[in-house]
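Participant: Build me a model:
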Amino acid sequence: MAFDVPLPPRTWSDRALWTMVGVGLLVWASALIGTARHTWTVGILVFCNIWGLATIIACWLPDNRWTTDRRLTNTLAWATALITGGTVIAWGIASLKGGVFYGTDEIAFDQYAAQLVQHGLNPYTHSMKPAYQLFQTPTNYYTYSFVGKPVTTLSYPSLSFLIYVPFLLLGWSYNLAPALCLIAWGLTTMMLFAVLPLRVRPLGLLFGGCMLYASYAVGGVTDAMYMPLLILAAYKWDRFGSSRWTYIGPVMFGLAMAIKQTPWLALPFMLLAIGGDEYIRTGLVAGIKRAAKYLSIAVAAFLIPNVPYIIASPHAWISGIFTPLAGDMVPTGQGTVSLSLYFHIGGGSMTAFSLATVFTLLLLLVAFVGTYPLLRMSMLFLPSFALLFGARSNVNYFISLIPVAVVAAITAGPVPVRRQVAGATTRFAAAASDRWRWLLGRASGLAGGFRSRSWLLGTALCALLFLGAVVRSLTASPPIKIVLAGVQTTGNTNHIQLLKLRVTNTSGEAVSPGFDTVQSEYNSTFWNIDKGPKLLPAHTTADYSIVSPNAQAQPSIYGGFNIVGYVQKPRSFSVSEMYAPSLLGLTFNPPARNKPVPVGQTFTLSLDLVNHEGSPLQRAGVPVTLRQITWSPTGQVRSQARINGGRVGKYAVAQTNSHGVAKFNIVGVKPTGFNSVTFTAYLHDANLRYVYTASGNFDLRFVAR
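Facilitator: A predicted model of the protein is given here:
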């Protein structure tokens, strides 16, 4: 780079991008406040605030000899990039300091598989079940099959775990998997900044500083591991074959596919683009040869780390890596399946969701070829659209390819022009080139972008198949209907441990249903059926009582949740109406007491009745229970207070007045020293045996007069 050449004047978009980079640093400084228990992060957050504000000020300075100095500007830009990446990594390290907690079964499996390799074992032939306990993965983060069992087979290509082996050999095992994901995301940020052109390289920092990506990396979503490889593959992808260095592209693509299956779906679009460019330049045969060369290199790179396991146990390897694509896992995600999970639309055919994904991918491929080069710039992001319509459509499937697609779109050269050759071919090439310009110049309608009427009709046929599968997935009625008939809570822990269901089999065959709950987008472990028929006959209704299998599966009484019923034949799922209780609540008045209360002096504590939204309710006659407890440094001790003249240390009950207020007169009988008496209020429905806490805690300290 010629640093003595001044930079051109900055545009509004330049200033806007760098402004957002500065704002991003301020956001990360705010995020670091939550990690201030680690004193080393305090200096980082202060510096981050200073640099973020300085970045915003600097990008709005008028153009002068300082702002157009290429060397100075480049140095400051790289400093900002390193500070952004370093801040994200610092936040991630501080987040991981809380202990070993693997937020997905995926990273738990990968690190456990690497440990098996370390001992000379084949992870594809061993159960991954010990990984759950070894890395303390919560049961709500397991991946469950339709029969209610968690997936315990290794489900990813071999590089997903081989990448951990060198670090394990060096003695690093504590939080290794999330730490490597975080490092990979920091590397991705730096690579985005490095490969993007000068005008848009702040975009790389905006991606790198996006909390969603960083949270996924720390939480154990391993897509960050293949992103650096795919960025190298996407960078100037259209130069493939022009020099020896361009062969790095397919090698990196193949290695990315050896980490996770998501890049598999992007490979056909890359091949079509590689071949499509060559087809425009020299013809169909040359285009096929160029795409085949790219494919052969990518496949070779993919197979190199996988060949030992293919040879050792081909069936275990094939069944493992195809589990995410063909496994019978429970539906979840933010795509169209969420309409079934939360709006009770469809769900009667899991096959329809699978077909919708396949037909969407087919539609995109046909449209991509039929309109090429219309969709050339978005080729690596198109597969994400297909994943929207599957039964498992988690958001990380959609966002992981966006940074890579941006690199591919921005760094690629223009659409190639057909080379001139002799004779009739010259006339054909000229006519084809004119036709391409004519097609690209048409903007009057959608059909104007297709290469021919045949491609238009083929795309329309694929679109009909796609629409049919999507409509079927959202309209097929499940064979069972679920109605929530009652709940039983755990009492003071505010969770639900038993559900009473009324299940109707609307089909003509007997079914054997299984049930779980979905809260905050996570599927619980399948609940145990305590009462109810194992096999529900056709056209019958039965009452079921299901019990939570563990504490993590118990939904909170304060949040809404759905009950999902699963049937094997036909493979389908049914969702109950969301349980959203209209709970009453209590608030303390006053909200706190900041001074001690003399022994023998009456302190009046009021509790105001509110609805689930926190609005006051003027409802009389609601019984409110106020309990007391005292905690000392050595444990619980007897409380030294009377409530409404009752016995020392005991609870009392008062009813709300016409204003929805329950009053309690509290008198301390002995000084409590530095300990406080903690008061907690409950609402109790004796008919439903339903107890829940609504008030929080209120502390009083009693002193001598």
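
Participant: who touches Asp69 in this structure?
Facilitator: By CB atoms under 8 Å, 6 or more residues apart in numbering, the residues touching Asp69 are Pro6, Leu7. All C-beta spots, glycine's among them, are computed from the backbone N, C-alpha and C.

Participant: For it, give its distance to Thr75.
Facilitator: Applying CB to CB, to the nearest Å, the value for Asp69 to Thr75 is 9 Å.

Participant: try Met128
Facilitator: With distances taken as CB to CB, Met128 is found 48 Å from Thr75.

Participant: So which of these two has more stuff around it?
Facilitator: Here Met128 and Thr75 are compared on neighbour count by other CB atoms under 10 Å; more neighbours surround Met128, at 23 against 12.

Participant: Output the contacting helices and strands for the host helix or strand of Ile318.
Facilitator: Assigned by DSSP states H and E, Ile318 falls within helix 314-321. Using 3 or more CB pairs under 8 Å, 6 or more residues apart in numbering; DSSP states H and E as the contact definition, the elements that helix 314-321 packs against are helix 284-312.

Participant: Check what pLDDT Tyr444 gets.
Facilitator: That one is not Tyr; residue 444 is Ser. According to the per-residue confidence, Ser444 scores 37 in pLDDT.

Participant: let me fix that: Pro478
Facilitator: With respect to pLDDT, Pro478 has a value of 92.

Participant: Now do it against Gly346, distance only.
Facilitator: Shown here: Pro478 relative to Gly346, a distance of 8 Å by CB to CB.

Participant: can you check Ser215 too?
Facilitator: As judged by CB to CB, Ser215 and Gly346 stand 31 Å apart.

Participant: quick one, helices of the stretch 51-200 of the chain?
Facilitator: Taking DSSP state H, counting those that start in this stretch as the criterion, the stretch 51-200 of the chain carries its helices at 70-96, 105-118, 129-134, 159-162, 165-169, 176-195.

Participant: Any chance of TSV for those, columns mean pLDDT?
Facilitator: As requested, the helices of the stretch 51-200 of the chain are exported to TSV (pLDDT from 0 to 100):
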stretch	mean pLDDT
helix 70-96	89
helix 105-118	93
helix 129-134	90
helix 159-162	95
helix 165-169	94
helix 176-195	92
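
Participant: out of these, nearest to Arg201?
Facilitator: Between Arg201 and these, the shortest separation by CB to CB is 5.2 Å, and it involves helix 176-195.

Participant: With just CA atoms, put the closest one into CSV.
Facilitator: Listed in CSV are the C-alpha atoms of helix 176-195, where the atom choice follows Å, rounded to 0.1, in the frame of the first residue of the first chain:
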residue,chain,number,x,y,z
LEU,A,176,-11.5,-25.4,26.2
ALA,A,177,-14.4,-25.6,23.8
PRO,A,178,-16.1,-22.3,24.5
ALA,A,179,-12.7,-20.6,24.7
LEU,A,180,-11.7,-21.8,21.3
CYS,A,181,-15.1,-20.7,19.9
LEU,A,182,-14.4,-17.3,21.3
ILE,A,183,-10.9,-17.1,19.9
ALA,A,184,-12.2,-18.2,16.5
TRP,A,185,-14.8,-15.4,16.6
GLY,A,186,-12.0,-12.9,17.5
LEU,A,187,-10.0,-14.2,14.6
THR,A,188,-13.0,-13.9,12.3
THR,A,189,-13.4,-10.2,13.3
MET,A,190,-9.8,-9.4,12.4
MET,A,191,-10.1,-11.3,9.1
LEU,A,192,-13.2,-9.4,8.2
PHE,A,193,-11.5,-6.1,8.9
ALA,A,194,-8.4,-7.2,6.9
VAL,A,195,-10.0,-8.5,3.7
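
Participant: residues of it that come out buried?
Facilitator: Of the residues in helix 176-195, those with enough neighbours to count as buried (16 or more other CB atoms under 10 Å) are 176-193, 195.

Participant: After the worst-scoring helix or strand of the chain on mean pLDDT, which helix or strand is next? Please name it.
Facilitator: Least confident helix or strand of the chain, by mean pLDDT, DSSP states H and E, is helix 424-441 with a mean of 42. Once helix 424-441 ends, the next helix or strand along the chain (criterion: DSSP H and E) is helix 453-475.

Participant: I'd like the mean pLDDT over that next one, please.
Facilitator: pLDDT averaged over helix 453-475 gives 93.

Participant: Show me which residues of that helix are buried.
Facilitator: The neighbour-count criterion (16+ other CB under 10 Å) identifies 455-456, 458-459, 462-463, 465-466, 469-470, 472-474 as the buried residues of helix 453-475.

Participant: So what touches it?
Facilitator: The contact list for helix 453-475, computed with CB under 8 Å, 6+ apart, reads 336-337, 339-340, 345-346, 349, 352-353, 355-356, 358-360, 362-363, 366-367, 369-371, 389, 447, 450.

Participant: could you flag which of the residues you listed are buried?
Facilitator: Buried subset of the contacts of helix 453-475 (neighbour count, 16+ other CB under 10 Å): 336-337, 340, 345-346, 349, 352-353, 355-356, 358-360, 362-363, 366-367, 369-371, 389, 450.

Participant: from the residues you listed, which ones fall inside helices?
Facilitator: Secondary structure assignment by DSSP state H places 337, 340, 352-353, 355-356, 358-360, 362-363, 366-367, 369-370 of those in helices.

Participant: which stretches of the stretch 551-700 of the chain have low pLDDT?
Facilitator: 582, 684-694 (pLDDT under 70).

Participant: quick one: the strands in it?
Facilitator: Counting by DSSP state E, counting those that start in this stretch, the stretch 551-700 of the chain has strands at residues 562-567, 572-575, 585-589, 597-598, 602-610, 623-632, 635-637, 641-643, 652-655, 661-668, 677-685, 690-693, 698-700.

Participant: now these in TSV, with mean neighbour count and distance to Leu206?
Facilitator: Output for the strands of the stretch 551-700 of the chain, formatted as TSV (neighbours: other CB atoms under 10 Å; distance: least, CB to CB, whole Å):
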stretch	mean neighbour count	distance to Leu206
strand 562-567	24	35
strand 572-575	24	37
strand 585-589	18	41
strand 597-598	16	54
strand 602-610	17	41
strand 623-632	17	47
strand 635-637	9	51
strand 641-643	22	56
strand 652-655	16	56
strand 661-668	19	51
strand 677-685	19	46
strand 690-693	19	43
strand 698-700	18	45
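
Participant: would you turn those strands into a markdown table with distance to Pro314?
Facilitator: Shown next, in a markdown table, are the strands of the stretch 551-700 of the chain (distance: least, CB to CB, whole Å):
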| stretch | distance to Pro314 |
| --- | --- |
| strand 562-567 | 31 |
| strand 572-575 | 33 |
| strand 585-589 | 59 |
| strand 597-598 | 76 |
| strand 602-610 | 63 |
| strand 623-632 | 60 |
| strand 635-637 | 59 |
| strand 641-643 | 72 |
| strand 652-655 | 70 |
| strand 661-668 | 70 |
| strand 677-685 | 60 |
| strand 690-693 | 55 |
| strand 698-700 | 65 |
